[in-house]
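Student: With the input below, show me the fold.
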Amino acid sequence: MSTFRDASRDDLVVIEALIGRPLAGRCAVVVRRLDGRPVVIENEPHLRDGTPMPTLYWLVDRELNAAVSRLEGDGGVHRFESLVDSAELAAAHEDYARRRDAAIVQRGVAPTGGVGGTRTGIKCLHAHLANFLAGASDPVGALVADAVGLPELRRDDVRDGPVAVIDCGSNSTRLVIVDASMRTLEREMRITRLSAGVDATGQLAPDALARTYAVLSEYRALMDRHGVGAGMVVGTSAVRDAANRDDFVDGARAIAGVDVRVLDGPTEAEFSYAGATTGLAQDGRALMIVDVGGGSTELAVRLDGVMHATSMQIGCVRVTERSLGREVVTHARRIAAEAMIARALDAAIDADPALASVPGGVRLVGLAGTVATLVQLDLGLATYSREAVHHHLVTRDVVQYWRDRLANESPAQRLGHPGMVSGREDVLVAGLMVLDAVMDRVGASDLLSSESDILDGVAAWLLAARGTPSTWHDGGVRWQR
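Tutor: Here you go, the predicted structure:
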């Protein structure tokens, strides 16, 4: 199965206008100009009627096509054939044929040849440039690129290249870039408070969108630096609760240049579970994750091969805005927040009692900023260290100690503690209240911190989905192994 996703309807309209005729087969855009216009498409190796399609990568940009045609008219084919190493050129043809053949899904006569449909020499400079822009090692394409000069481009989906995932959460916007072996190349977090005011207005506020879009622009630059094309932006609680979610999706897609998906709560929980539990040693207890976000908290546990997952509307920002407030916590506000959290937990457990009655108990794994900041406070880390935070064990007594100590301080005083993350000082108490209540309900006396989470789960899914179909529904994607 080919690694590409079908081109969108809008892309198809543009592509057919560029080539001047309807497309006879499936394709996907793999290279674009920075403004989004298609430059190179990847073709399925057979047309819809079964006719073999030897050209895997096709240059559709009009300006580049015209420039390459002028180069060919000036004798470029013969000139470049005399300049390139014949062994390197033969290797490019073999690699091209191998990648195209790996994408074949139809039976029948197979396409033949390498770049431009030939296995020797140079037939078409356009095909070599397209191959080079799509990320292949093509000596002819490199010469053509130097000769015609290139606009600023980005690659949307390059086989075997790194992938990026951006999580636009209620309180923070985070990025991970991993290579094909899941080795982390970049991992970044910015406090953007996308959910600010959503509870009151039902809308993502203009200033919250502006903060998030600015970070997406920063992350797109990092993605370009690493040659990332394939990726995904996921929106969670704040986005799925907002009436103007479609505006966010359109804006995020334009800036990040990758697909944007708004995950439903159970799907968010499944991806978080996949990211946090991969490679974690078993100790006889069922692994359960608790992901305390800004707008929601997810619980997930796999029992007898069945995933039990829920999403509750009790994130640290939501509880702060609705009940707890941002200053020193009063008794009345604490009681109101505890009641809000208890109602959400009651509803979740009533809907799925298995979450609170796991035979043999659970090994609780905590994710996201509330847990990471708690660990940094426990360790007194003035400077964040992923190695120190990841898989650090904290007891429920530690959760309660920091909950009560911080509740009696102002946000400014909280910032004085080594390990407190700027931007969390006003919402961490609410997050710790949620965490303590969850530990009580599931019977967990301690908590293992995980710095691997939904980002890692989605990244692993993207890598696994190369060459396999993916299933999206209800605004989310279901994890498939």
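
Student: Can you find the helix or strand in the chain with the smallest mean pLDDT?
Tutor: Least confident helix or strand of the chain, by mean pLDDT, DSSP states H and E, is strand 472-473 with a mean of 34.

Student: where in this structure is pLDDT low?
Tutor: Residue ranges of the chain with pLDDT under 70: 1-5, 154-160, 229, 465-481.

Student: Kindly report the domain assignment for it.
Tutor: Using automatic domain parsing, the domain parsing of the chain gives 9-155, 163-265, 279-451.

Student: wait, which of those domains is closest to Tyr273?
Tutor: Between Tyr273 and the domains of the chain, the tightest spacing by CB to CB is seen for domain 279-451, at 4.1 Å. For glycine as for every other residue, the C-beta is placed from the backbone atoms N, C-alpha and C.

Student: Quick one: end-to-end length of the closest one, please.
Tutor: Terminal residues of domain 279-451 lie 13 Å apart, using CA to CA, to the nearest Å.

Student: do stretch 348-367 as well
Tutor: End-to-end for stretch 348-367, by CA to CA: 19 Å.

Student: what's the answer for stretch 372-385, then?
Tutor: By CA to CA, the extent of stretch 372-385 from end to end equals 10 Å.

Student: Going forward, count from 6.
Tutor: Yep, numbering from 6; the last one is stretch 377-390 now.

Student: what sits up against it?
Tutor: Applying CB atoms under 8 Å, 6 or more residues apart in numbering, the contact partners of stretch 377-390 are 371, 393-394, 397, 399, 403-404, 407, 422-426, 429, 433, 436-437, 440, 454, 456.

Student: mind checking which of the domains of the chain is nearest Ala464?
Tutor: Among these, domain 168-270 comes nearest to Ala464, with 4.8 Å by CB to CB.

Student: starting at the chain centroid, how far to the closest one?
Tutor: 8 Å (CA atoms, centre = their mean, to the nearest Å).

Student: Mind checking which of the contacts of stretch 377-390 land in strands?
Tutor: 371, 399, 454 (DSSP state E).

Student: burial count for the second one?
Tutor: As a burial measure, the neighbour count of Val399 was computed by other CB atoms under 10 Å and equals 21.

Student: Now do the contacts for it.
Tutor: Going by CB under 8 Å, 6+ apart, Val399 touches 379-380, 383, 451-452, 454.

Student: again with the last one
Tutor: Contact criterion CB under 8 Å, 6+ apart gives 370-371, 376-377, 379-380, 394-399 as the residues in contact with Ser454.

Student: Select only the buried ones of those in ChimeraX?
Tutor: The ChimeraX selection below is limited to those of the contacts of Ser454 classed as buried (16 or more other CB atoms under 10 Å):
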select :370,371,376,377,379,380,394,397,399
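
Student: count of residues packed around the closest residue to Ala169 other than its chain neighbours?
Tutor: Distances taken as CB to CB, 6 or more residues apart in numbering place Gly236 nearest to Ala169, at 3.7 Å, with adjacent residues excluded. Gly236 has 25 neighbours, counted by other CB under 10 Å.

Student: Might you report the residue contacts of Gly236?
Tutor: By CB under 8 Å, 6+ apart, Gly236 lies in contact with 168-171, 228, 261, 263-264, 467.

Student: Mind checking which of those residues are in strands?
Tutor: If you go by DSSP E, the contacts of Gly236 have 168-171, 264 in strands.

Student: How far off centre is the host helix or strand of Val145?
Tutor: Assigned by DSSP states H and E, Val145 belongs to helix 144-153. Offset of helix 144-153 from its chain centre (CA atoms, centre = their mean): 33 Å.

Student: outside of it, which residues touch it?
Tutor: 69, 72-73, 76, 81, 85, 88-90, 93-94, 97, 120, 127, 130, 133-138.

Student: Residue nearest the middle of the chain, spatially speaking?
Tutor: With distances taken as CA atoms, centre = their mean, the residue of the chain nearest its centroid is Val170 (2.1 Å).

Student: Check the gap between it and Ala96 for me.
Tutor: 33 Å (CB to CB, to the nearest Å).

Student: Give me the buried subset of the contacts of stretch 377-390.
Tutor: The neighbour count (16+ other CB under 10 Å) marks 371, 394, 397, 399, 403-404, 407, 422, 424-426, 429, 433, 436-437, 440, 454, 456 as buried among the contacts of stretch 377-390.

Student: what are the ranges of the helices in the stretch 156-305 of the chain?
Tutor: Along the stretch 156-305 of the chain, counting by DSSP state H, counting those that start in this stretch, helices occupy 203-206, 211-230, 242-245, 250-261, 270-282.
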